[in-house]
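>>> Using only what follows, build the 3D model:
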Amino acid sequence: MTLFSKEHRSATLLASVPWFLQDLGTYGIGIFTPIILASTIGAKNEHARNLAELIHNDILAARGTALIDVLLMVGIIFAVLLADKVGRIRLQVCGFLGCAAGLFLASFSVYVDGFAKLVFIFSGFMLFNFMTNLGPNAMTYLLAGEVFPTHIRGIGAGFAASFGKLGAVTTSFLFPILLQGFGTATLLYILVGTSILGAVVTWRFGIETKGINLETISQEEPGSFIR
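Predicted structure coming up:
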């Protein structure tokens, strides 16, 4: 209950809720990117007639996924370089908004055909992967270990990580059901909404720890480091 006391409530919400929302998108898109690519792009053999064509379609989707995932590595490199210059809160807010923009861009692929479909789906997912690792996928780890005072830092970071993994489990189970029931575009719009919500929560409860000795957090008034 200490985590939800008036003194530490903002830190708890900042560390846990954006992590939950970020895992909804990251695990949903990350695990099911090949499925989304196969269903949206339609591969060369849209309706596989035999095992060979089914494997061929899977290989095409896997190649597309590998190309998109390169941006994950690029994003984390930028996160390492910018975390102590730009600040955790601004990177996380910008990252969430960039994720929303990428998913919204990818949703256009449902309404077009041919080369335009490829452009929208790949540019959208690549933007999403870059921005998630630049922002929330990296910053949630940092913030959860930095915003709590020393005497509750372990339990605070542990709670945030556990709450975040609820998002991972939720999306892993619900994503294929929602994809089949509502379609790719609707599912992407839902994730656009969760990304925007993540940006709002981060900004509302933001506690910036850039350049701060973590030991001093225990000695300052709550909220001293907010933005």
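>>> Quick one: mean pLDDT over whatever helix or strand V169 lives in.
Using DSSP states H and E, V169 sits within helix 153-182. Regarding helix 153-182, the rounded mean pLDDT is 90.
>>> Output the helix or strand harbouring N133 as PDB, nothing but the C-alphas.
Using DSSP H and E, the element containing N133 is helix 115-134. Taking C-alpha atoms only, helix 115-134 is exported to PDB below (Å, rounded to 0.1, in the frame of the first residue of the first chain):
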ATOM      1  CA  PHE A 115       2.600  -0.900 -54.100                       C
ATOM      2  CA  ALA A 116       0.800   1.700 -51.900                       C
ATOM      3  CA  LYS A 117      -0.300  -1.200 -49.500                       C
ATOM      4  CA  LEU A 118       3.400  -2.200 -49.100                       C
ATOM      5  CA  VAL A 119       4.500   1.400 -48.500                       C
ATOM      6  CA  PHE A 120       1.900   2.000 -45.800                       C
ATOM      7  CA  ILE A 121       2.400  -1.300 -43.900                       C
ATOM      8  CA  PHE A 122       6.200  -1.300 -43.900                       C
ATOM      9  CA  SER A 123       6.700   2.400 -43.300                       C
ATOM     10  CA  GLY A 124       4.100   2.300 -40.500                       C
ATOM     11  CA  PHE A 125       5.500  -0.700 -38.700                       C
ATOM     12  CA  MET A 126       9.100   0.500 -39.200                       C
ATOM     13  CA  LEU A 127       8.200   3.900 -37.600                       C
ATOM     14  CA  PHE A 128       6.400   2.000 -34.800                       C
ATOM     15  CA  ASN A 129       9.500  -0.200 -34.100                       C
ATOM     16  CA  PHE A 130      11.900   2.800 -34.100                       C
ATOM     17  CA  MET A 131       9.700   5.000 -31.900                       C
ATOM     18  CA  THR A 132       8.900   2.200 -29.300                       C
ATOM     19  CA  ASN A 133      12.500   1.400 -28.700                       C
ATOM     20  CA  LEU A 134      13.500   5.100 -28.700                       C
END
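>>> And the average pLDDT for stretch 206-223 is what?
Mean pLDDT, taken over the full extent of stretch 206-223, equals 69.
>>> re earlier: buried residues in the helix holding V169, which are they?
The neighbour-count check on helix 153-182 (16 or more other C-beta atoms under 10 Å) flags 153, 156-157, 159-161, 163-164, 167-168, 171, 175, 178-179 as buried. For glycine as for every other residue, the C-beta is placed from the backbone atoms N, C-alpha and C.
>>> got it, and stretch 104-113?
Neighbour-count burial for stretch 104-113 flags F104, L105, A106, S107, F108, S109, V110 (criterion: 16+ other C-beta under 10 Å).
>>> out of the residues you listed, which one sits closest to I121?
Distance to I121 across the buried residues of stretch 104-113 (C-beta to C-beta) is lowest for S109, with 4.0 Å.
>>> ok and the next helix or strand after the helix holding N133 relative to helix 153-182, angle-wise?
Next in sequence after helix 115-134, counting helices and strands by DSSP H and E, comes helix 136-146. Here helix 136-146 runs at an angle of 150 degrees relative to helix 153-182 (axes from the mean of the first three to the mean of the last three C-alpha atoms, to 10 degrees).
>>> just how off-centre is helix 136-146 within its chain?
12 Å (C-alpha atoms, centre = their mean, to the nearest Å).
>>> Stretch 124-141 now?
Its chain's C-alpha centre and that of stretch 124-141 lie 6 Å apart, by C-alpha atoms, centre = their mean.
>>> again with stretch 14-30
That offset, for stretch 14-30, works out to 5 Å (C-alpha atoms, centre = their mean).
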